[in-house]
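Participant: Need a 3D model of the following:
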Amino acid sequence: MRKFKLSEAQFGMLELLYRRGPMSQKELVQELGVSYWEIRRLVKQLVEKTLVARRRRDKDRRFIIIAISGYGRFQMEFAEPGTVWAMGEGVKKLSPEEQEGLREILDVECWILDFEHREHKGHREEQEENAGKGEESGLGGI
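Facilitator: Residues are numbered from 1 along each chain as shown. From the prediction side, this is the model:
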């Protein structure tokens with residue numbers, strides 16, 4: 001996955017989260033057949049690229065759930081073979097007014113994804129600054 005500068009292992013995890021939805025680290029270990037430490041490393045790398053996010057499970061805060069981010073989902077949708085071609089073929093069937101409406105919707109969606117990407121990146125940088133000051137980063141050791 002050279003286009004997005006991902007290793008095969010990173011892409012494998014991202015694709016699994018894209019297709020199956022949020023998963024615990026234990027589930028990722030079982031599904032991908034790699035060690036817990038390898039999962040931790042991959043998650044850290046994908047969080048740094050803002051392609052996935054970590055969150056604590058609501059019912060049991062000890063468990064960390066890994067989920068694909070909006071930015072990661074956007075990247076995966078354009079990584080799927082034939083997606084862009086199929087979208088283009090579908091757009092051709094729309095009237096000029098419908099095409100303009102779709103363009104406006106996509107402009108807003110791209111703005112939202114860009115905002116989420118920048119906000120997540122800023123939050124991660126703030127956590128790194130706090131961790132550098134010896135404050136609790138809230139990442140549960142990951």
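Participant: which secondary structure element contains Glu109?
Facilitator: In this structure, Glu109 is located in helix 96-132 according to DSSP states H and E.
Participant: what is the rounded mean pLDDT of that helix?
Facilitator: Here helix 96-132 scores 70 as its mean pLDDT.
Participant: confidence score at Lys3?
Facilitator: 53.
Participant: Let me see the backbone angles for the nearest residue to Phe63 once chain neighbours are set aside.
Facilitator: The shortest distance from Phe63 to any non-neighbouring residue, by C-beta to C-beta, 6 or more residues apart in numbering, is to Arg57 (4.0 Å). The way it works is simple: take the backbone N, C-alpha and C, and place the C-beta from them, glycine included. Torsion angles at Arg57 (phi, psi; degrees, to the nearest 10) stand at phi -70, psi 140.
Participant: Please settle this for me: is Val34 part of a helix?
Facilitator: No - looking at Val34 with DSSP: H, G, I helix; E, B strand; the rest coil, it is coil, so not inside a helix.
Participant: residues touching it, list them.
Facilitator: Taking C-beta atoms under 8 Å, 6 or more residues apart in numbering, we find Val34 in contact with Ala9, Leu42.
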